[in-house]
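[1] Provided below are the primary sequence and the corresponding predicted coordinates.
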Amino acid sequence: MSKDFTLHKYEEFLRAALNQGYQLVSYENYLLNDFDKVLILRHDVDKKPQNSLKTAQLQYQLGVTGTYYFRAVPESFDERIIKQIVALGHEIGYHYEDLTICKGDAKKAILHFEKWLDKLRTFYPVKTVCMHGSPMSKFDNRLLWDKYDYKKYDIIAEPYFDINFDEVFYITDTGRRWDGNKVSVRDKVVSKFKLNFHASDELINAFNKGEMPHKIMQNIHPQRWSNNKQEWMKELVIQRIKNTIKKAIFVKK
């Protein structure tokens with residue numbers, strides 16, 4: 001058994017879903033087609049884009065595709081890597097945080113959104129966007145759409161607005177765990193599903209036993225998944241510190 005949050009473990013997770021007959025697809029593909037059993041592969045590229053390239057390559061080897069959401073910051077937006085991920089057949093989207101960057105000024109934020117959406121569209125015909133939680137910011141980036149309409153930008157969907165999470169089971173590795181609700185500021189959804197998982201092996205076992213819902217969206221942050229021992233340990237320590245801070249400051253007890 002490999003350690004959790006390694007690429008080896010992520011491959012086990014993907015293969016478990018494939019072995020149970022799930023189609024592993026991008027968010028855009030999910031929106032445009034009907035699937036009986038589907039696992040939507042969403043990736044928030046918050047930082048370390050080279051890690052996202054590794055998960056994209058792994059998925060390519062398995063014959064599946066996902067969606068990679070890039071932020072408008074240097075630690076995420078790497079043109080060379082974006083091009084490589086697109087070449088592997090994956091969807092690219094904008095991981096927007098414009099209200100945070102523009103300190104709550106909606107007029108500046110929408111111009112910033114337009115600018116970076118256009119930049120991404122030089123690499124891929126972007127059809128979906130997804131908010132960045134910006135946990136250390138007081139601004140919820142989704143509130144930009146109280147004044148504007150992303151669909152006017154030829155965007156067909158934003159997962160936090162356009163997925164019925166009573167029908168699609170949502171799992172996210174926020175907090176470097178699969179039950180990170182207590183340490184999550186905004187990466188959470190309202191859902192009727194009562195399933196609860198902590199470690200990846202628990203998810204894998206549920207797939208193997210045929211106990212998972214037929215429609216699932218996974219959200220991973222590839223920065224957290226590494227086979228490099230030093231990088232793996234560093235991420236573990238940093239995330240534990242972050243979880244402690246977020247739980248103390250932001251999360252209501």
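    Received the coordinates, thanks. Numbering: from 1, shown residues only.
[2] show me where the chain has its strands.
    Assigned by DSSP state E, the chain shows strands spanning 23-25, 38-45, 67-70, 91-96, 129-131, 169-172, 215-220.
[3] surely Thr173 meets Gln223?
    I think there's a mix-up here, since residue 173 is Asp and not Thr. No: using C-beta atoms under 8 Å, Asp173 makes no contact with Gln223, being 10.1 Å away. Backbone N, C-alpha and C define where each C-beta goes, glycine included.
[4] could you list the low-pLDDT ranges of this structure?
    Within the chain, the segments meeting pLDDT under 70 span 1, 182-185, 242-253.
[5] centre of it to the edge, which residue is at the far end?
    Largest separation from the mean C-alpha position in the chain: Lys107, at 26.7 Å (C-alpha atoms, centre = their mean).
[6] let me know the distance separating that residue from Leu144.
    Lys107 sits 10 Å away from Leu144, going by C-beta to C-beta, to the nearest Å.
[7] and what of Ser191?
    Look at Ser191 and Leu144: by C-beta to C-beta, they are 24 Å apart.
[8] next one: Pro74
    22 Å.
[9] go on, Asp118?
    Relative to Leu144, and taking C-beta to C-beta, Asp118 is found at 17 Å.
[10] can you pull up the bridge partners for the closest residue in space to Arg42 that isn't next to it in sequence?
    Nearest residue to Arg42, sequence neighbours excluded (C-beta to C-beta, 6 or more residues apart in numbering): Asn219, at 4.6 Å. Per DSSP bridges, the residues bridged to Asn219 are Arg42, Thr172.
[11] count the neighbours of Asn219 for me.
    Asn219 is flanked by 19 other residues according to other C-beta atoms under 10 Å.
[12] near the closest residue to Lys215 other than its chain neighbours, how many other residues are there?
    Excluding its sequence neighbours, the residue lying closest to Lys215 (C-beta to C-beta, 6+ apart) is Val168, at 4.6 Å. Applying other C-beta under 10 Å, we find 19 residues neighbouring Val168.
[13] what of the one 3 residues further on?
    When neighbours are defined as other C-beta under 10 Å, Ile171 has 19 of them.
[14] hmm, it is touching Met217, no?
    Yes: when contacts are counted by C-beta under 8 Å, Ile171 is listed as touching Met217 (7.4 Å).
[15] contacts only, for Lys188.
    Counting by C-beta atoms under 8 Å, 6 or more residues apart in numbering, Lys188 touches Thr174, Asn181.
[16] just Ala16 next, same as before
    Contact partners of Ala16, counting by C-beta under 8 Å, 6+ apart, are Leu203, Ile204, Phe207, Asn208.
[17] at 10 Å what do you get?
    Applying C-beta atoms under 10 Å, 6 or more residues apart in numbering, we find Ala16 in contact with Tyr22, Leu39, Ser200, Asp201, Leu203, Ile204, Asn205, Ala206, Phe207, Asn208, Lys209, Met212.
[18] for Ser137, which non-adjacent residue is spatially closest?
    Of all residues beyond its chain neighbours, the one nearest Ser137 is Thr100 (4.2 Å), with distances taken as C-beta to C-beta, 6+ apart.
[19] any idea how far Asp44 lies from Leu7?
    17 Å.
[20] more neighbours: which of the two?
    A side-by-side neighbour count of Asp44 and Leu7, using other C-beta under 10 Å, places Asp44 first with 27 against 19.
[21] isn't that one up against Tyr68?
    Yes: with contact defined as C-beta atoms under 10 Å, Asp44 counts as touching Tyr68 (8.5 Å).
[22] between these two, which contacts overlap?
    Residues touching both Asp44 and Tyr68 (C-beta under 10 Å, 6+ apart): Ser52, Ser76, Gly93, His95, Pro222.
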